[in-house]
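[1] Predicted model and sequence below, questions to follow.
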Amino acid sequence: MELKIAVLAGDGIGPEISAVGVDVLTAVCEKFGHKVRYEYAICGADAIDKVGDPFPESTFETCKNCDAVLFSAVGDPKYDNDPTAKVRPEQGLLAMRKKLGLYANIRPVQTFKCLLHKSPLRADLVEGADFLCIRELTGGMYFGEKYQDNDKAWDTNYYTRPEIERILRVAFDYARRRRKHVTVVDKANVLASSRLWRQIAQEMALQYPDIVTDYMFVDNAAMKMIQEPCFFDVIVTENTFGDILTDEGSVISGSMGLLPSASTGDSTPVFEPIHGSWPQAKGQNIANPLAQVLSVAMLLEHFDLKEEGALVRRAVDASLDACVRTPEIQVEGGAHYGTKEVGQWLVDYIRQA
Ligand code: IPM
Ligand code: MN
């Protein structure tokens, strides 16, 4: 297979973890005889500094012309602390999602046996937790009509039937390949938009009789996720609820540095860690590259390269078992491994496998 990958490293720890992702992907492709080419493009604060736009047209063109985007992270404190800033790195991310039509954001929440003790939840609660959050990514309040003056402001949670149907279809299709359980998360007791979601979900559930579909209000789902994470298989929800629930879900595994995501839709798919740019750690070689590396696994699996994806996952598991870990998940007395060293270990593992 031939793959052309757009690499968007972005800000903070982005470039360091991006380099590891690229090395791992290259090693796997070499091993299996696939051709991979990379096109590097700027985004986020880096692109604002260089050209004044967090997702410039040239980057959009590069993304459109590639088979997939390997994205790392955007964000810089100099914008967070300036509420008057007109352009922000995060706008680049939203522009990318909208312009590439990435309506389905797949965020798997998984635990790693050897890291159960790192979870803020009791190990017996989180053991075996393994669910997918499917977040609608190009609609709702993020993109609905907005207004703001000094006395009032609003955001519109606008959703249309086709937008709701296509994301629900993604959820039902994933559930078919998993444990056949979909939980539709909404706030149908209060919001009209949620009532439409629930109505459409109930209609569609009839077409998926093999799947158990249940409905949960988002407040209740937030509680259930930490009370009984093993209850869930596939969660599907709108943009804002999905944003909030996936941060909550991500800590279950014990480190935000472990969880990847995929965003798919009308154009080039994007694979990225769920964590941010961690600017304080920039250039220190301490960021955990595993979420980025697991994003590479998701990328390979997207192209149906199952064995290749499985090898990346095996390499990650082996590195954890061998205590080749970045500081935030290292065992007491364990050796020091930086971002680069973990990356090199993974590459060596893949080459020797
Ligand atoms: C995420 C992030 C983004 C979002 C921000 C950076 C705009 O929090 O991917 O979850 O809110 O969608
Ligand atoms: Mn978020």
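    Now that the structure is in, tell me what you want to look at. Numbers count the residues shown, from 1 in each chain. Ligands and ions are numbered 1, 2, ... in the order given.

[2] What residue in the stretch 1-150 of the chain comes nearest to ligand 1?
    As assessed by Cβ to the nearest ligand atom, ligand 1 sits closest to residue 90 within the stretch 1-150 of the chain, at 4.0 Å. Yep, even glycine has a C-beta here, placed from its N, CA and C like the rest.

[3] Would you agree that residue falls within a helix?
    Yes. Under DSSP: H, G, I helix; E, B strand; the rest coil, residue 90 falls within a helix.

[4] how near is it to residue 251?
    Per Cβ to Cβ, to the nearest Å, residue 90 is found 21 Å from residue 251.

[5] How about residue 335?
    26 Å.

[6] Same check on residue 348?
    Counting by Cβ to Cβ - residue 348 and residue 251 are separated by 31 Å.

[7] So those two - more neighbours on which side?
    Higher neighbour count among residue 348 and residue 251: residue 251, with 16 against 12, using other Cβ atoms under 10 Å.

[8] Pull up the gap between the closest residue to the more buried one other than its chain neighbours and residue 126, please.
    Closest residue to residue 251 apart from its sequence neighbours, by Cβ to Cβ, 6 or more residues apart in numbering: residue 120 at 6.0 Å. Between residue 120 and residue 126 the computed distance is 9 Å (Cβ to Cβ).

[9] again with residue 246
    Taken as Cβ to Cβ, the span from residue 246 to residue 126 is 16 Å.

[10] Could you do residue 75 as well?
    Residue 75 is 28 Å from residue 126, by Cβ to Cβ.

[11] in the protein, which helix has the most residues?
    Criterion DSSP state H: the longest helix present in the chain is helix 14-32.

[12] Could you pull out the buried residues of it?
    Neighbour-count burial for helix 14-32 flags 14-29 (criterion: 16 or more other Cβ atoms under 10 Å).

[13] what lines up beside the next helix or strand after that helix in the sheet?
    Following helix 14-32 in sequence order, the next helix or strand is strand 35-40 (DSSP states H and E). Looking at strand 35-40 with DSSP bridges, its partner strands are strand 2-10 (parallel).

[14] what's in contact with the partner strand?
    Contact with strand 2-10 is made by 15, 18-19, 21-22, 25, 29, 34-46, 59, 62-63, 65-75, 89, 96, 268, 277, 299, 303, as judged by Cβ atoms under 8 Å, 6 or more residues apart in numbering.

[15] what do you get if the cut-off is 6 Å, keeping everything else the same?
    15, 18, 35-41, 43-44, 62-63, 66-74 (Cβ atoms under 6 Å, 6 or more residues apart in numbering).

[16] ok, back up a step: between residue 120 and residue 126, which has more neighbouring residues?
    Between residue 120 and residue 126, counted using other Cβ under 10 Å, the more crowded position is residue 126 (21 against 9).

[17] For residue 65, grab the count of nearby residues.
    By other Cβ under 10 Å, neighbour count at residue 65 equals 11.

[18] Torsion angles phi and psi at it?
    In terms of degrees, to the nearest 10, the main-chain angles of residue 65 are phi -90, psi 0.

[19] Let's see the pLDDT reported for it.
    Per-residue confidence at residue 65 stands at 98 (pLDDT).

[20] quick one on the thing from earlier: let's test this: mean pLDDT of the longest helix of the chain, rounded?
    Mean predicted confidence for helix 14-32 is 98.
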